[in-house]
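Colleague: Quick one: sequence plus predicted model below, questions after.
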Amino acid sequence: MDAQGIPGRGEPITTRFISGGASNEIFEIGRGEHRWALRRPPRKVPPGRNETMMREYRILAALAGTDVPHARAVGGCEDTSVLGAAFYLMDFVDGWSPISEPGWPEPFASDPDARPGLAHELVDAIAKLSRVDWKAGGLEGLGRPEGFHERQVDRWYAHLDRFKFRDIPGLDEAAGWLRGRTPRSYEPGIMHGDYQFANVMFHHGAPARMAAIVDWEMGTVGDPLLDLAWVVMNWPAGEADRPSVGYVNYEGLPLRDELLERYATMSGRDVDEIDYYVILARFKLAIVLEGGYARYVSGGADNPRMEAFGRVVLDLARDAAHLAQTTKL
């Protein structure tokens, strides 16, 4: 901290564990009147996780001075001898995340008129992210934007081959539809890679104001429209679809088409081919979650929530295949 000019030199350091364990760990770090969040891999560091940690830090540093809600990068350390893993410090965000709440907190729980802002902020944040000049931010080489879409099926099938232990009906149908298809218009940009309500934080109180996008471990330079698809792939398209899906309650939130139009207006990107991105998002997420489920089945993970991934994976693959069969693209 001293070597990187972080404030509080000479003051005692305080620490408080916030979250983590099997996944990346977060600590609150205090020194004098200052406080930050420290993010590091779990105690048993998975292969490649140190490199991923520094990728996250690089993305946060590139967002400095932009209008994208994020925790400001403060300092990073690649030397694994310090804490046993690479780690970085960022500003501490005082807010709440939908994934850690049993329902919408007040005033959103009792005031339906305040809830649309939560969805608007969710979409606005990635629209802003899509406009960031990633080259000016020093992110050349972070990803391989050239040929991004042409690589996706083979890239994720190669990932699946590492742990495949069962058939996943519908996955091959979705893959067959995706192969050889590329969007008519593709403009590379920064993408989060796992963008959803679970990976954002809001300021306390109304109106809804996003405090930060968090958990950048899948961040890269690719096609930002895939982040939009991640948001809308299970979003209600009509009133009949309102019942809760997953961990959020969609009552009082805007419908899917409103969010697509809002993103298009703010980002300047064409969303007419959103079905392509939704099929790709479902295909990719099915494989990502299958990895967690495979570890759970083999005894390599003890998080009981991973048991539910087994059914979710099958649903995602089925829905990807169905959309591939019925889309008008």
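Modeller: Looks like it came in fine. As the structure is a computational prediction, the values presented were derived from the model and not from experiment.

Colleague: what sits up against stretch 32-44?
Modeller: 6-8, 11, 15, 18, 20-30, 49-50, 52-53, 56, 71, 74, 83-93 (Cβ atoms under 8 Å, 6 or more residues apart in numbering). Where C-beta positions appear, they are placed from N, C-alpha and C, glycine not excepted.

Colleague: Same question for stretch 50-68.
Modeller: Outside stretch 50-68, the residues that touch it by Cβ under 8 Å, 6+ apart are 24, 39-41, 70-73, 76, 78, 80, 85-88, 90, 125, 128-129, 132, 134, 137-139, 142, 190, 213, 216-217, 219.

Colleague: In ChimeraX, select just the buried ones from those.
Modeller: Buried subset of those, written as a ChimeraX selection, criterion 16 or more other Cβ atoms under 10 Å:
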select :24,39,40,41,70,71,73,76,85,86,87,88,90,125,128,129,132,134,137,139,142,190,213,216,217,219
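
Colleague: Mind checking which of the contacts of stretch 50-68 are in helices?
Modeller: Within the contacts of stretch 50-68, residues falling in helices by DSSP state H are Thr80, Ala125, Lys128, Leu129.

Colleague: ok, now which ones touch Asp94?
Modeller: Applying Cβ under 8 Å, 6+ apart, the residues contacting Asp94 are His203, His204, Ala211.

Colleague: out of these, which is most surrounded?
Modeller: Of all those, the highest neighbour tally under other Cβ atoms under 10 Å goes to Ala211, namely 20 neighbours.

Colleague: is it possible to export the ones in helices among the contacts of stretch 50-68 to CSV including pLDDT?
Modeller: Shown next, in CSV, are the ones in helices among the contacts of stretch 50-68 (pLDDT from 0 to 100):
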residue, pLDDT
Thr80, 97
Ala125, 98
Lys128, 98
Leu129, 98
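
Colleague: Most widely separated two among the residues you listed?
Modeller: Distance extremes for those: the farthest pair is Thr80 and Lys128 at 33.8 Å, using Cβ to Cβ.

Colleague: returning to what we had before: which among the ones in helices among the contacts of stretch 50-68 gets closest to Tyr247?
Modeller: Ala125 (18.5 Å).

Colleague: In the protein, where is pLDDT below threshold?
Modeller: Applying pLDDT under 70 to the chain flags residues 21-22, 243-246.

Colleague: Nearest to the spatial middle of it, which residue is it?
Modeller: The chain has Asp194 as the residue nearest its centroid, 2.5 Å off, counting by Cα atoms, centre = their mean.

Colleague: and the contacts of stretch 32-44, which of them are in strands?
Modeller: Using DSSP state E, the subset of those located in strands is 15, 18, 25-30, 74, 87-91.

Colleague: what helix or strand is Asn234 on?
Modeller: Taking DSSP states H and E as the definition, one finds Asn234 inside no helix or strand.

Colleague: I meant to write Thr182 there.
Modeller: Counting by DSSP H and E, no helix or strand carries Thr182.

Colleague: Now for it: which residues touch it?
Modeller: Taking Cβ under 8 Å, 6+ apart, we find Thr182 in contact with His149, Glu150.

Colleague: And Ala301, how far from Ser23?
Modeller: Ala301 is 10 Å from Ser23, where distance means Cβ to Cβ, to the nearest Å.
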